[in-house]
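> Predicted model and sequence follow; I will ask about them next.
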Amino acid sequence: MPVYEYSAFNNAGKTITGVLDADSPKEARIKLRAQRVHVVDLKAIDTGRPKPRSVLTMWVPEFRAKRRRSDVNTVTRQLATLLRSGIPLAQGLSALIEQAGSREVETVLRDVREKVTQGAGLAEALGHHPHYFNELFVNMVKAGEASGNLDDVLDRLASYGQKQDRLRNKIKAALAYPMVMIVFGGLVVFVLVTFVVPNILQVIKKTDQALPLPTRLLVGTTNFLGAWWPFVLVSVLAAVVVFKLTLKNPEARFKWDRFKLRIPVLGDLLKKASVSRFAVTFSTLLKSGVPVLDALVIVRNIVDNQVLARTIDEVRERITEGADIASPLKKSGVFPPVVGYMISIGEQSGHLEEVLERIADAYDDEIEISAQKLTSLIEPILIMAMSVVVGFIVIAILMPILEIGQKARK
């Protein structure tokens, strides 16, 4: 059943907007008239898969991703609670629609409810909205429906989503301060070199004296930026676009991810984050009844690092040949040895899911420590770099001024 977005006037003359599902625009208008509202605008909403991005926009960050993750976590937790209380799935979805926090969420839930009432499974219905419910989510729901413990699986998914958000926040918090310093420091230097310094240098040039080397370098830089700053800006943006497009190539992405893991301190932080994501995702999938081989396929797409993804592919191939999970991980050289040994213990004891959870918890703590190390290391480096740049500008300006003063005293 299509979903429509409408704009209308109520009896009080107030403009109202909303969404509703109906078989046709005519039926949608009849439903709205029954609510005693006058329809001004009515249009169908495309609730299918998101359209592919164009070449010019595919590199732009998904600014709504964070809000969507929050919406999914909230909806998942609420649906788990409703199902555990004995409320049928369709009625539970109707309750979520009534209290949806945004128009987009309401539209998605209406489409999911319609497909469920038509006989589709919840996982199948959710699969039509990959921008909200990813492969991990859909496969876990499918396993929950097959095992009859859908409420428990949804509860695990909500907890998993919250853990992943906390992990992202830790990494972002570690990188936020250095990025802010770089951006504002660069803006300060740009303003000095482009607008402030040229005015001072114009006064110095009127003296017709030979300029020292630092001053000549500063003059050349200011002249270049003053005349070519649009070209510099366009070049930087073009370089970013080319870089993003290059990363679409699997081999280029693999080399870039390998380079990131080799960066001192930062690489250690990124590796620990990927291992933590691997452990908690694998554990959640196994607890929900997803087979090991299927779980590894899903985990491969979650780690967000091609180096670890290829290692997981090798692990999966070895398992199909009869090997255990731990042995390929130990030999990979990517996963820390302790992870392989702990997984080996989990396999032997039959408590692999619990061991993976402990690994994730341990690495979450280590991520916080690594983030603090990264911040404490980058901060003095940035301060020193800014001091050198600003100091050079000050020296380049003061040297000719001091020479003018010396000549004046003579």
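Everything's here; your move. All values derive from a computational prediction rather than experimental measurement.

> pLDDT weak spots in the stretch 51-200 of the chain?
51-67 (pLDDT under 70).

> ranges for the helices of it?
Secondary structure of the stretch 51-200 of the chain (DSSP state H, counting those that start in this stretch): helices at 65-84, 89-98, 103-117, 122-126, 135-147, 150-191, 197-205.

> Tabulate the ones you listed (CSV), appending mean neighbour count and distance to residue 374.
For every residue, glycine as well, the C-beta is placed using N, CA and C. Formatted as CSV, the helices of the stretch 51-200 of the chain follow (neighbours: other CB atoms under 10 Å; distance: least, CB to CB, whole Å):
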stretch, mean neighbour count, distance to residue 374
helix 65-84, 18, 22
helix 89-98, 17, 40
helix 103-117, 21, 35
helix 122-126, 21, 37
helix 135-147, 20, 28
helix 150-191, 16, 5
helix 197-205, 15, 33
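
> Relative to residue 388, which of those helices is closest?
Among the helices of the stretch 51-200 of the chain, the nearest to residue 388 by CB to CB is helix 150-191 (10.8 Å).

> From the contact counts, what lies against the closest one?
If you count contacts as 3 or more CB pairs under 8 Å, 6 or more residues apart in numbering; DSSP states H and E, helix 150-191 packs onto helix 65-84, helix 135-147, helix 266-287, helix 352-409.

> could you check the angle helix 89-98 makes with it?
30 degrees (axes from the mean of the first three to the mean of the last three CA atoms, to 10 degrees).

> Backbone torsions only: list them for residue 121.
phi -70, psi 160 (degrees, to the nearest 10).

> show me the contacts for it.
Residues counted as contacts of residue 121 (CB atoms under 8 Å, 6 or more residues apart in numbering) are 142, 145.

> ok, and the closest non-adjacent residue to residue 275?
residue 363 (5.4 Å; CB to CB, 6 or more residues apart in numbering).

> close enough to count as contact, residue 339 and residue 272?
No - in this structure residue 339 lies outside contact range of residue 272 using CB atoms under 8 Å: 10.4 Å.

> Specify the residue ranges that define each domain of this protein.
3-45, 65-133, 162-410 (automatic domain parsing).

> Out of these, which is the most enclosed?
domain 65-133 (a mean of 18; mean count of other CB atoms under 10 Å).

> TSV please, covering the helices and strands packed on helix 150-191 and showing distance to residue 29.
TSV is the format used below for the helices and strands packed on helix 150-191 (distance: least, CB to CB, whole Å):
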stretch	distance to residue 29
helix 65-84	29
helix 135-147	34
helix 266-287	45
helix 352-409	52
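
> hang on, the earlier thing: surely the residue nearest to residue 275 is in contact with residue 272?
Yes - if you go by CB under 8 Å, residue 363 and residue 272 touch, sitting 5.0 Å apart.

> Figure out which of the helices of the stretch 51-200 of the chain is closest to residue 263.
The nearest among these, by CB to CB, is helix 150-191 at 12.3 Å.

> quick one: the closest one to helix 266-287, angle?
160 degrees.

> Run through the residues that contact the closest residue to residue 326 other than its chain neighbours.
Using CB to CB, 6+ apart and skipping the chain neighbours, the partner closest in space to residue 326 is residue 344 (3.5 Å). Shown in contact with residue 344 (CB under 8 Å, 6+ apart): 324, 326-327, 330.

> Could you do residue 198 as well?
So residue 198 contacts 222, 226 (CB under 8 Å, 6+ apart).

> ok, so what distance separates the nearest residue to residue 113 once chain neighbours are set aside from residue 111?
In space, residue 113 comes closest to residue 93 once its chain neighbours are excluded; the distance is 4.0 Å by CB to CB, 6+ apart. From residue 93 over to residue 111 the distance is 10 Å, taken as CB to CB, to the nearest Å.

> Show me the one of the helices of the stretch 51-200 of the chain that comes nearest residue 334.
helix 150-191 (18.7 Å).

> Just the angle for the closest one relative to helix 135-147, thanks.
170 degrees.

> Need phi/psi at residue 101.
According to degrees, to the nearest 10, residue 101 has phi -80, psi -10.

> how about it, what does it touch?
71, 74.

> which residues are contacting stretch 166-186?
269-270, 273, 276-277, 364, 367-368, 370-372, 374-375, 378-379, 382-383, 385-386.

> tell me how far it is from the chain's mean position?
Centroid displacement of stretch 166-186 relative to its chain, using CA atoms, centre = their mean, to the nearest Å, is 14 Å.

> so which pair among the contacts of residue 344 is furthest apart in space?
324 and 330, at 10.1 Å, using CB to CB across these.

> okay if I get the domains of the chain as CSV plus distance to residue 150?
Output for the domains of the chain, formatted as CSV (distance: least, CB to CB, whole Å):
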stretch, distance to residue 150
domain 3-45, 23
domain 65-133, 6
domain 162-410, 10
